[in-house]
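> Here is my input; please provide its structure:
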Amino acid sequence: MSSGQYSAFEDVAILEAVRTPWSDLNGPLAQVSPIDLGIRVGRAVLARAGLDPTAVDGVFAGSMAQASFDAYMLPRHIGLYSGVPQQVPALAVQRICGTGLELLRQGAMHLQSGGQLALCVGSESMSRNPIAAYEHRAGFRLGASVGFKDFLWEALFDPAPGMDMIATAERLAVEYGISRAQVDAYALGSHQRALQARDSGWLGEEIVAVGNERFELDGYQARGIQLPRRVVELAQDSHPRPTDAEALARLSAIHPGGVQTAGNSCAVVDGAAAALVGRACDCTRPPLALLRTASVIGVAPERMGIGPAPAIGLLLERSGLRLEEIGLLEINEAQGAQVLAVSQALGLDPARLNQRGGSIALGHPLAATGLRLVMTLARQLRDANLRYGIAAACIGGGQGMAMLIENPGYQA
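The predicted structure is shown next:
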């Protein structure tokens, strides 16, 4: 039996899920607090599900960056300003790039321990990652080096192996014999699929637009969203764009001689997503998905990108399913070489992987991505009448996480 953590759930459903558009770094959402983005999707998912916020008895929220001075209160304020009763507690969840999946796992565990309805929110402002210093609480000595650094950049470096995240993908490229041309070809496909999904309106069905908005809470200070001047509303993902093989080939490698570039690595974006986890037996209308199992496992930090492979292996081993029974997979595209290595390690059929594009084209707002993977996967299973799907992500520091969902409307 493989090591790692495995959870199986009975009568747990993802009732509904929504997200904001993913907005490019320093784009229209750059000055919006992740708390306010979280409130936007928290309110929206409850409205779309037709549920009263007072039915929520558990709030789980995550955000990686300290992107506002009130960041400590993010889960609590998202719950309160979404209309959840004051006596309902809120929990901060953090598993880096797997946070969105972990939020759903925590929501399912809440139900397994007697809860009825969990609000799960992942919200990330990559643009508001701070320029920070950690060594100057006592002040500055005369002539001292100040030592302020870019948190967004420095957080990509893992001091344990002494490597940044891109270097871990380069290591996998060497290990699995993956060329720059292969990585660029994969990235081109991701861009093309995402652009088609966006422009056809398919992605728009999971998106709630973001505009100027005020969030009131009786007895407390109002919050809200204020977009830049001349921006009335953001209604679709901003990063997918036409490109071609020649344009991708012209980009310089991030590490000299490597395969990873800005064009075949995940885009840096801002955004939020929310899901409601409840009991399938209580549903008055078909839920989005049935949440069946989840797995999380550790891998070597210097090979962190391979994490989805053993996580999926553990999930299949413990659930008794075979890979051939999995209709579709959504594996986060942290880097092109990383997802190709995972695909090669598992022997995946490319036709079943990331068929609406992935984070290379759409972007990767860390805490929200796992929720997007699951909602996109669930909608694809429904559209294609497929039974099972797996969403997975690699995780900085050396982890992998996977989640098995089932299409509640599947007909054999």
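
> Name the spans of this protein whose pLDDT lies under the cut-off.
Low-confidence segments of the chain, defined by pLDDT under 70: 1-2.

> now the helices for it?
34-49, 74-81, 99-112, 151-154, 165-176, 180-199, 245-250, 308-319, 336-346, 359-362, 366-384 (DSSP state H).

> mind listing what's buried in the third one?
Using 16 or more other C-beta atoms under 10 Å as the burial criterion, the residues of helix 99-112 that qualify are 99-111. All C-beta spots, glycine's among them, are computed from the backbone N, C-alpha and C.

> Any chance of JSON lines for the residues you listed, columns distance to I395?
Listed next are the buried residues of helix 99-112 as JSON lines, based on distance: C-beta to C-beta, whole Å:
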{"residue": "T99", "distance to I395": "9"}
{"residue": "G100", "distance to I395": "11"}
{"residue": "L101", "distance to I395": "9"}
{"residue": "E102", "distance to I395": "9"}
{"residue": "L103", "distance to I395": "14"}
{"residue": "L104", "distance to I395": "15"}
{"residue": "R105", "distance to I395": "13"}
{"residue": "Q106", "distance to I395": "15"}
{"residue": "G107", "distance to I395": "19"}
{"residue": "A108", "distance to I395": "19"}
{"residue": "M109", "distance to I395": "19"}
{"residue": "H110", "distance to I395": "22"}
{"residue": "L111", "distance to I395": "24"}
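
> for these, which one is nearest M126?
T99 (13.5 Å; C-beta to C-beta).

> Next, the contact list for the closest one, please.
Going by C-beta atoms under 8 Å, 6 or more residues apart in numbering, T99 touches 62, 64, 93, 122, 366-368, 370.

> Just put these in a markdown table and tack on neighbour count.
A markdown table is the format used below for the contacts of T99 (neighbours: other C-beta atoms under 10 Å):
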| residue | neighbour count |
| --- | --- |
| G62 | 30 |
| M64 | 24 |
| V93 | 23 |
| G122 | 34 |
| L366 | 28 |
| A367 | 31 |
| A368 | 33 |
| G370 | 32 |
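
> For those, give me TSV that also has distance to A384.
As requested, the contacts of T99 are exported to TSV (distance: C-beta to C-beta, whole Å):
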residue	distance to A384
G62	30
M64	33
V93	30
G122	26
L366	29
A367	28
A368	24
G370	21
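
> and of those residues, the nearest to I14?
The closest of the contacts of T99, once distances to I14 are taken by C-beta to C-beta, is G370, at 12.0 Å.

> So the spatially closest residue to P34 that is not a sequence neighbour versus F215, what's the distance?
Ranked by C-beta to C-beta, 6 or more residues apart in numbering and with sequence neighbours excluded, the top spatial neighbour of P34 is S123, at 4.0 Å. Note on S123: its distance to F215, by C-beta to C-beta, to the nearest Å, is 14 Å.

> okay, these two: which has more neighbours?
Between S123 and F215, counted using other C-beta atoms under 10 Å, the more crowded position is S123 (36 against 21).

> OK, contacts around that one?
34-35, 37-38, 41, 61-63, 74, 78, 271-273, 365, 367-368.

> For L371, see how far away it is.
In terms of C-beta to C-beta, S123 sits 10 Å off from L371.

> now do R379
13 Å.

> The most centrally placed residue in the chain: what's it in contact with?
Centroid-nearest residue in the chain, with C-alpha atoms, centre = their mean: T369, separated by 1.1 Å. By C-beta under 8 Å, 6+ apart, the contact list for T369 reads 97, 100, 122, 332, 359, 393.

> what about the fourth one, neighbour count?
When you say that, I think you mean N332. Around N332 there are 31 residues (other C-beta under 10 Å).

> Begin at 786 from now on, thanks
Fine by me, first position is 786 from now on; the one you just mentioned is N1117.

> which non-adjacent residue is nearest it?
Nearest one to N1117, counting by C-beta to C-beta, 6+ apart, is A1178 at 4.0 Å.

> If the residue nearest to Q977 when sequence neighbours are not counted is in a bridge, with which residues?
Spatial nearest neighbour of Q977, chain neighbours left out: G1142 (7.7 Å); criterion: C-beta to C-beta, 6+ apart. Beta-bridge partners for G1142, by DSSP bridges, are Q1140.
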